[in-house]
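Engineer: Starting from these lines, generate the structure:
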Amino acid sequence: MLKAAVVGGVIFLCLLLLLGVLGGRGAGSAYADSCGDRGQPGADLPGSSTGQTPGGNFREKQIGNAKIIDAAAREQGLSGRATLIALMTALQESTLINLKYGHLDSIGLFQQRPSQGWGTREQIMNPAYSSRMFFYGADSGSPRGLTDIQGWETMAPGVAAQAVQASAYPTLYAGQEDAAREIAQEAQISLSRPGDGQSTDGGEQPATDDPGLEPGNCYDEGTPGAPGAPGGAFHDGTAGWPQQVRNPRSTADAIAWARREADTGGKDWYRLCLAFVAKTYGWSFSGVQYAIDHYHKMPPEMRNDADRNPPPGALMYWDTGQRAGHVAIYLGGGEIASNDIVQPGYIDVVPASDIETKWGAKYLGWAPPYFPKGG
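Structural biologist: Reported below is the predicted structural model:
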């Protein structure tokens, strides 16, 4: 069953951690809830496929869904480790939000598919039902739940999650462990709780799917060409915009607006990279759901693949390893205005190379600020 972490989801990626969204703003390193410092900025929040309006009670919904998942685990005496695995899975698949959409017919917290036997659409959209299906599977044994997986209690959590989900992107679940633990703490869920007839699983110690990597580092910094390898510097280009690029706000005004948002704005931009750049140019919405799609839907002549000389005002795109990807506005002088790079939810002005060096993302290229479906 192919999975896409929608907004947590999966093919390309954009931003991730959550605790800072509710915490105070302050100096700090890149903060993400996937792969240590590898981030997912801007797997835009659930909502309109075009609007992506910032704000809302996103964290409260996550905590509420976490409690429902934990209640389903406790129904039949499963350990806190089972809850941890489920939280990691739901964070990756849906950002722990009960989504009404997804890849193909995938929906809900775990992006389960009606066509694959997980239940009807109405059933899967019930978080308690979908949580029970994740833990216990169908009565027929197909599809399998976590408890149908032999040895799940001793597997690395990310490996156990993949055994249930059968995702095309099996390594991404492990990167959600820190975020899952923080949400559990906020929801007052004990992840060290033993299951019925079990001893404590020592669940408070993070695990990694790959014993060859340090905990919190799910990509190999030392392998040439591996994710996370830092790129070179960015320099100002001089290319102009094609005639069809028309925005409510001029390039100069857009750059000034982005800088003001970085200086005085609030924590409204968690996972909203595409919404941010659209707003920067005066649009209420971008017209496209994911940053990565926005780049690939650009006319071919507008895409400047791997070019490290974007003109000020250009939109720069990265493959972050998840469905959404990331986009930021280039301010000139090698700097971008980006959400979530210093503190989740905020805009900060940082070197453009930070997306590579701090998140381990792959730079795709730049394009003019073209929003043909913006509004």
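
Engineer: how much space between residue 272 and residue 327?
Structural biologist: When CB to CB, to the nearest Å is the yardstick, residue 272 and residue 327 sit 10 Å from each other. Quick note: C-beta positions are derived from backbone N, CA and C, even for glycine.

Engineer: Check residue 240 too.
Structural biologist: From residue 240 to residue 327 the distance is 20 Å (CB to CB).

Engineer: higher neighbour count, these two?
Structural biologist: The neighbour comparison of residue 240 against residue 327 (other CB atoms under 10 Å) goes to residue 327, with 30 against 10.

Engineer: Is that one in contact with residue 315, as I believe?
Structural biologist: Yes: applying CB atoms under 8 Å as the test, residue 327 and residue 315 come out as touching, 5.5 Å apart.

Engineer: what is in contact with those two at once?
Structural biologist: Applying CB atoms under 8 Å, 6 or more residues apart in numbering, one finds that residue 327 and residue 315 are jointly contacted by 277, 294, 295.

Engineer: Reformat those residues as a markdown table; add distance to residue 149 and pLDDT.
Structural biologist: Compiled in a markdown table, those are given as follows (distance: CB to CB, whole Å; pLDDT from 0 to 100):
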| residue | distance to residue 149 | pLDDT |
| --- | --- | --- |
| 277 | 42 | 96 |
| 294 | 38 | 93 |
| 295 | 37 | 92 |
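
Engineer: which among those gets closest to residue 188?
Structural biologist: Nearest to residue 188 among the shared contacts of residue 327 and residue 315, counting by CB to CB, is residue 277 at 37.5 Å.

Engineer: who touches the closest one in this structure?
Structural biologist: Shown in contact with residue 277 (CB under 8 Å, 6+ apart): 286, 315, 327, 328, 329, 369.

Engineer: want to try a markdown table for those residues, with distance to residue 128 and secondary structure as columns?
Structural biologist: Supplementary listing: the contacts of residue 277 in a markdown table, determined by distance: CB to CB, whole Å; DSSP: H, G, I helix; E, B strand; the rest coil:
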| residue | distance to residue 128 | secondary structure |
| --- | --- | --- |
| 286 | 34 | coil |
| 315 | 41 | strand |
| 327 | 36 | strand |
| 328 | 39 | strand |
| 329 | 42 | strand |
| 369 | 44 | coil |
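
Engineer: and those residues, which are buried?
Structural biologist: Burial of the contacts of residue 277 was assessed by neighbour count (16 or more other CB atoms under 10 Å); the buried members are 286, 315, 327, 328, 329, 369.
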